[in-house]
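Asker: pasting the structure only:
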């Protein structure tokens with residue numbers, strides 16, 4: 001094998017997972033069934049790859065950016081017909097094998113420096129989710145990120161990211177991973193998480209998803225303020241109180257106190273009330289003819 005002279009590169013966020021027990025936990029959490037097709041991001045020297053190929057998976061598509069590792073991976077696993085390797089940036093490459101079915105499950109020790117963009121690539125966005133979601137993602141991430149993803153309302157880690165991902169997937173922690181489990185050890189603790197993307201019929205419909213995304217951006221930009229202040233100006237005060245109450249929300253609450261479904265309900269109520277307000281405020285045809293604004297333009301988008 002050709003890994004002996006390779007050193008972990010900081011610019012790629014390389015930290016090799018060496019703890020055998022954690023590797024086993026990752027594979028167990030994936031619950032790989034016979035015939036499943038897998039995607040691995042950043043296989044590195046192949047510690048996790050070896051276990052994935054020892055599973056009953058039908059195929060494994062691995063994506064590696066570091067060209068100095070590619071030769072070693074091909075030498076180590078190239079004889080296995082189930083193994084295919086793509087060389088390049090996972091954020092830019094088509095995540096499809098040259099031949100055979102597309103991956104349906106992701107199992108990966110992902111580079112921490114691209115966690116946000118990669119989560120968006122693998123899950124999509126709240127207002128633009130993947131049309132065909134993966135059946136599951138088992139990921140090794142920075143512990144702080146894992147805590148934010150699965151945080152409950154009211155906890156210090158609860159954020160807009162928590163809401164977005166919990167509206168896209170069921171999120172659960174698998175195990176924590178201390179720095180000593182890696183070579184070289186990172187400066188932060190890590191965590192294995194499992195995400196089970198929701199099927200399209202359980203995700204918010206596109207217009208509501210866009211409205212919810214805009215609301216999250218508006219409110220979490222000032223997370224210490226009460227909703228009464230961050231939502232001021234969207235509707236007359238009494239109307240705003242009524243819409244919030246109908247959604248099960250008090251305007252004295254702060255953004256981190258609202259569960260994901262409350263955000264959906266609030267966005268739906270504001271969306272409906274905004275349309276009603278616009279209908280009540282339509283100008284006359286004469287006013288339009290005089291060049292006055294018709295107040296019917298698009299709302300602010302994130």
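Answerer: Good, I have the coordinates. Because the structure is predicted, anything quoted here is derived from the model rather than measured.

Asker: centroid residue for the protein?
Answerer: Central residue of the chain (C-alpha atoms, centre = their mean): residue 119, 4.0 Å from the mean position.

Asker: could you measure from that one over to residue 222?
Answerer: As judged by C-beta to C-beta, to the nearest Å, residue 119 and residue 222 stand 24 Å apart. All C-beta spots, glycine's among them, are computed from the backbone N, C-alpha and C.

Asker: and residue 273, how many neighbours?
Answerer: Residue 273: 18 surrounding residues under other C-beta atoms under 10 Å.

Asker: that one and residue 242: what is the separation?
Answerer: Residue 273 is 8 Å from residue 242, by C-beta to C-beta.

Asker: for stretch 30-49, what is the average pLDDT?
Answerer: Averaged across stretch 30-49, pLDDT comes to 96.

Asker: any idea how far stretch 63-74 is from the chain center?
Answerer: Its chain's C-alpha centre and that of stretch 63-74 lie 26 Å apart, by C-alpha atoms, centre = their mean, to the nearest Å.

Asker: whoops, I mixed them up, stretch 221-236
Answerer: Centre-to-centre, stretch 221-236 and its host chain are 26 Å apart (C-alpha atoms, centre = their mean).

Asker: how long is it end to end?
Answerer: Stretch 221-236 has an end-to-end distance of 22 Å (criterion: C-alpha to C-alpha, to the nearest Å).

Asker: pretty sure residue 243 sits against residue 270.
Answerer: Yes - under the criterion of C-beta atoms under 8 Å, residue 243 makes contact with residue 270 at 6.0 Å.

Asker: which residues are in contact with each of these two?
Answerer: Counting by C-beta atoms under 8 Å, 6 or more residues apart in numbering, the shared contacts of residue 243 and residue 270 are residue 235.

Asker: nearest residue to residue 271 in space, please, no chain neighbours.
Answerer: residue 211 (4.8 Å; C-beta to C-beta, 6 or more residues apart in numbering).

Asker: count the residues that sit near the one you found.
Answerer: 24.

Asker: so what touches the longest helix anywhere in the chain?
Answerer: Determined from DSSP state H, the single longest helix within the chain is helix 260-280. Helix 260-280 is touched from outside by 162-163, 166-167, 204, 207-208, 211-212, 214-216, 231, 234-235, 239, 243-244, 246-249, 258, 295-296, 299, with contacts defined as C-beta under 8 Å, 6+ apart.

Asker: centre of the chain to it, how far?
Answerer: With C-alpha atoms, centre = their mean as the basis, helix 260-280 stands 25 Å off its chain's centre.

Asker: what comes up buried for it?
Answerer: Of all the residues in helix 260-280, those buried under the rule 16 or more other C-beta atoms under 10 Å are 260, 262-271, 273-274.

Asker: what angle do whatever helix or strand the residue nearest to residue 271 lives in and helix 260-280 make?
Answerer: Assigned by DSSP states H and E, residue 211 falls within helix 206-220. The directions of helix 206-220 and helix 260-280 differ by 100 degrees, with axes from the mean of the first three to the mean of the last three C-alpha atoms, to 10 degrees as the criterion.

Asker: any idea which helix or strand comes after helix 206-220?
Answerer: Scanning onward from helix 206-220 (DSSP H and E), the first element met is helix 227-230.

Asker: quick check: mean pLDDT of that following helix?
Answerer: Taken as a whole, helix 227-230 has an average pLDDT of 97.

Asker: which elements pack onto it?
Answerer: Identification of packing neighbours for helix 227-230 by 3 or more C-beta pairs under 8 Å, 6 or more residues apart in numbering; DSSP states H and E yields helix 206-220.

Asker: what's in contact with the helix it packs on?
Answerer: Residues from elsewhere that reach helix 206-220 (C-beta under 8 Å, 6+ apart): 125-127, 129, 159-160, 163-164, 167, 203-204, 227, 230-231, 255-256, 263-264, 266-268, 270-271, 299-302.

Asker: how about a cut-off of 7 Å?
Answerer: Residues from elsewhere that reach helix 206-220 (C-beta atoms under 7 Å, 6 or more residues apart in numbering): 126-127, 159-160, 163-164, 204, 227, 230, 255, 263-264, 266-268, 270-271, 300-302.

Asker: what segments of the protein are helices?
Answerer: 20-30, 47-53, 67-77, 115-123, 143-149, 160-168, 206-220, 227-230, 237-246, 260-280, 285-289.
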